[in-house]
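> dropping the sequence and predicted coords here.
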Amino acid sequence: MLSAKVTCNSHGQDSSYFLGWEEYEKNPFDEIKNPKGIIQMGLAENQLSFDLLESWLNNNPQPMGFKNHNNQSIFKELALFQDYHGLPAFKNALVEFMSEIRENTVTFDPNNLVLTAGATSANETLMFCLANPGDAFLLPTPYYPGFDRDLKWRTGAEIVPIHCSSINGFRITKSALEEAYKQAQTQNLKVKGILVTNPSNPLGTSLSLHELDLLVDFISSKNIHLISDEIYSGTVFSSPSFTSIMEVLKNRNLINTELSKRVHIVYSLSKDLGLPGFRIGAIYSNDERVVSAATKMSSFGLVSSQTQYLLSEILSDHKFTKNYLSENRRRLKQRHEMLVKGLQRSGITCLESNSGLFCWVDMRHLLSSNTFEGEMELWKKIVYEVGLNISPGSSCHCSEPGWFRVCFANMSEETLDLAMQRVKVFVDSMAKKMNQNRLQQLVNRNSRRSKSLPKLVFELSFHQRDVLVDER
Amino acid sequence: MESSMKINNHSLLSKIATNNGHGENSPYFDGWKAYDANPFHPQHNPEGVIQMGLAENQLSFDLIQKWIESNQNASICTPQGASCFKEIAIFQDYHGLPEFRTAIANFMNRVRGNRVRFDPDRIVMSGGATGAHETLAFCLADPGEAFLVPTPYYPAFDRDLRWRTGVNLLPVVCESSNNFKITREALETAYEKAKFDNITVKGLLVTNPSNPLGTFLDRETLKDVVNFINDKSIHLVCDEIYAGTVTTGDAFVSIAEVIEEVPTCNLDLIHLVYSLSKDMGFPGFRVGIVYSYNDNVVSIARKMSSFGLVSTQTQHMLASMLSDDTFVENFLSESRIRLARRHDTFTRGLAQVGIGSLESNGGLFFWMDLRRFLKDATFESEMAFWRVIINEIKLNVSPGQSFHCSEPGWFRVCFANMDDETAMIALWRIKSFVRKNRNLKIKTKNQYWQNNQHLRLSSRRLEDMLTPHRMSPHSPLASPLVRAQN
């Protein structure tokens, strides 16, 4: 009766990533109304800098009430504007903003920019343009769970993972790329390209120059595409500074080559500016055929003209954007530190990171078993007992259990602090339980061997010392 | 080496990206290109091409502007509305703002004179009606399967329903001999043909009121349609995007009403597409709606809406505007009056020079009958005459073949996308062309005409002129053109 797309699971919403959300919806934390509720730490939102936007709005009456700089009403013009080429003033302002984020190391041509309803639509549209049903894209793991839906669901494309490991900080290696490519061939899948998120979601790290070079070399030798989802490019708050794939092309003198036509960027204002509700996404491509096809496809998800207009006003204010970018980074850095230090106090470390709205947290030592079942078990405890919705690594297709993505920019400082306290309580109680279990084991063992009491006491106190070390 | 590189490069993109499925190489767009190259402007380019190929509703913006000025808090950018800014900017739940869904359902009810009650929980957002149609095609059909669609139909359906989905569109041929009504026979014929060709039909897509005809389906026809799809167990997608443009407001019958009158109807087969682009004149705001009576479809379409959600800035504004019942009632009735007036201005004016059109009371256009101006009853002649209209009369109207019309000689003319002055100029251009070209080879009374005597045309004057034995004393022209009719 209905299509296969309706009855399959490729929308991915049965994954745990979304189940945590559901639990949160049932019992959401509220400082006053529901202080024992679940704190949402699974939502990569940037709520730290709204005051800057609000103050801009306060100081800039023109876009309000649909009036232009001459105080004339432009309501009708905007209401009628449905040209899929987009509002020129907005595209100009957007490419300038993208350039500014990249410290002006690269410039973008607005004619190569296609506007879409969010990065969700941008990624799907690029898939439709670059891959036939059954073709594959390689993605480094761990990756954003939404890609399963965005890249595969309606397009019929496949994702083959490039396995990255904690051994080298989840960096992309040449052998991992080769292995993924071979794996695709074994599955009889034609590889059309690689998609990376840079900075990475969920790692919070920006790709190193070495990784970027590897990628360029790889797509060159295999004659495939590279999509660089740079949605978090404005959130890089500490070194190394962000290097866009376009900058690499420029430095290697690859601009205007056939290869550069296979490199495409996805962007959005949902993370950097914290405006996910406005559905502002973009595709940037050096291949005019891709730009042309994607532009036509954007008819299925254009950006509302009134939103384009508002953002063109905001982003053309370069004084504002300069201040916003630096202040936003500063606040993210501070919040990131708070999370890292808070977790450290509970003996939990994070992957060292310089960007994003989250940390990639190492909880392997808290697993009851080094398996994904163990990870799920721990995750459920964290959601239901600790009251935090964080994202388990398995939902991000991580190949090693025990890693979790924890967001830090979508709540107040007080809430983050509370979350850290809850973690501490949880870890302490886990340690106690472990102690008790170990004590029980020791007792059981010793009772069989009839060890003397002093040795038992010695072993126990040694273990307690370990616990004290972790607490620092 | 280079040529093999080129071949390689071509296969680097997908088939979808490199085929013609976007439909923009069709002649429908040639007129647009002519307009873009030489657009009419009353002061700057008075000899330019007047755009009559764009189905936009520009007649009632003043009413909306007035509302906006008195409701500053509907915008999150004004001092009055700014306190909502953060909350609205963060909200990306694909269920949409609850107040938005309620307001849309309320508006849809009122467009239908409150004869129906739409459930806000079944309102699903999409990237305009364009996005809504594609989403429903993805939900209801697999690649290779087909939808039946009565001809003539909106050209972009070829793109919206087929391009990225791999779904087919098969025509249900409707003819001028019965005013292009959808008949049970035509539906059966199309269905059987598909069966014969081994194509699985998954649904029927009907636009009501029709684009390009401007007519709406009567209750009888709607019931026939509902019975047909139930018999065949296929889906019915009703695009009611023009519902609010029906000038005889209460006469419009929505599918939502009819299903209540057919208790045996399987509701899981019924889906509606709606948008604010035509009734309110808001194509720029991208407000498309999928409304389904099938819970599964609602659920999946909602997940798919992630690819084309309505900007929350727009949701917020419309939630406020469309829940203002006084404004809505006034807007709908005033808009209808203005549309009727403009429609009549054209159809009566054209009748004065012997040009008829299909009698209609909806849409932002009328279906003009220029068959007697064609050299012969072929689509080549239709194209040739269309080029005359663009290049000599300097109007961009849309030729019937771009709507897959089965008979040559019909043209869709949009009337609501210009001001009164431009409308008058357009009318004058047609009239003066007709008068100047009395030497044009015109079909006199012949077999072709006799078959079409019962065709309902929009003006009594025209009927007078065509009647063999009567020349109306009020006939405005003693033109040889008119005399030639007799």
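Arrived safely, thanks for sending.

> how about A:Leu203, what does it touch?
Applying Cβ atoms under 8 Å, 6 or more residues apart in numbering or on different chains to A:Leu203 gives the contacts A:Pro142, A:Phe170, A:Leu351, A:Ser353, A:Gly356, A:Trp360. (Glycine included, C-beta is placed from N, CA and C.)

> just the element for it, please.
Assessed by DSSP states H and E, A:Leu203 sits outside every helix and strand.

> against A:Gly342, how distant is it?
For A:Leu203, the distance to A:Gly342 equals 19 Å [Cβ to Cβ, to the nearest Å].

> repeat that for A:Met411.
13 Å.

> do B:Ser277 as well
On the measure of Cβ to Cβ, B:Ser277 and A:Gly342 end up 50 Å apart.

> and the contacts of A:Leu203 near chain B, which?
Among the contacts of A:Leu203, no residue lies close to chain B (Cβ under 8 Å from any Cβ of the partner chain).

> got a winner among the residues you listed for most neighbours?
Highest neighbour count within these, by other Cβ atoms under 10 Å in any protein chain shown: A:Gly356, with 30 neighbours.

> what residues are up against that residue?
By Cβ under 8 Å, 6+ apart, the residues touching A:Gly356 are A:Ala44, A:Pro199, A:Ser200, A:Asn201, A:Pro202, A:Leu203, A:Gly204, A:Thr205, A:Tyr232, A:Thr235.

> where does the stretch 1-150 of chain A have low pLDDT?
A:9-10, A:12-18, A:61-65 (pLDDT under 70).

> show me the helices in it, by range?
Using DSSP state H, counting those that start in this stretch, the helices of the stretch 1-150 of chain A run over A:4-7, A:16-26, A:50-59, A:75-80, A:88-101, A:118-130, A:146-147.

> got the CA positions of the third one in CSV?
The C-alpha trace of helix A:50-59 is given here as CSV (Å, rounded to 0.1, in the frame of the first residue of the first chain):
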residue,chain,number,x,y,z
PHE,A,50,21.7,34.9,21.7
ASP,A,51,22.1,38.1,23.6
LEU,A,52,24.4,39.3,20.9
LEU,A,53,21.8,38.7,18.2
GLU,A,54,19.1,40.2,20.4
SER,A,55,21.0,43.3,21.0
TRP,A,56,21.7,43.6,17.2
LEU,A,57,17.9,43.4,16.6
ASN,A,58,17.4,46.1,19.2
ASN,A,59,19.8,48.4,17.5
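
> and that helix, anywhere near chain B?
Yes: residues of helix A:50-59 contacting chain B under Cβ under 8 Å from any Cβ: A:Phe50, A:Leu53, A:Glu54, A:Leu57, A:Asn58.

> need the phi and psi values for the closest residue to the first one other than its chain neighbours.
For A:Phe50, the nearest residue in space outside its immediate sequence neighbours is B:Lys86; the separation is 4.5 Å by Cβ to Cβ, 6 or more residues apart in numbering or on different chains. Main-chain dihedrals, B:Lys86, degrees, to the nearest 10: phi -60, psi -50.

> number of residues surrounding residue 50?
Using chain A. 17.

> could you do chain B instead?
21.

> B:Phe91 too?
18.

> over to B:Phe107. Which of the three states is it?
Look at B:Phe107: counting by DSSP: H, G, I helix; E, B strand; the rest coil, its state is helix.

> then B:Arg372?
Each residue gets one of three states, and B:Arg372 gets helix by three-state DSSP.

> also B:Val206?
strand.

> my guess is it contacts B:Cys238, does it?
Yes: between B:Val206 and B:Cys238 there is a contact at 5.5 Å, judged by Cβ atoms under 8 Å.

> how many residues are close by B:Leu269?
So B:Leu269, with other Cβ under 10 Å, has 24 neighbours.

> enumerate the residues of the stretch 101-250 of chain A near chain B.
Going by Cβ under 8 Å from any Cβ, the residues of the stretch 101-250 of chain A near chain B are A:117-118, A:120-121, A:124, A:128-133, A:135, A:149, A:154-155, A:192, A:223-225.

> any of these buried? List them.
A:117-118, A:120-121, A:124, A:128-132, A:135, A:149, A:154-155, A:192, A:223-225 (16 or more other Cβ atoms under 10 Å in any protein chain shown).
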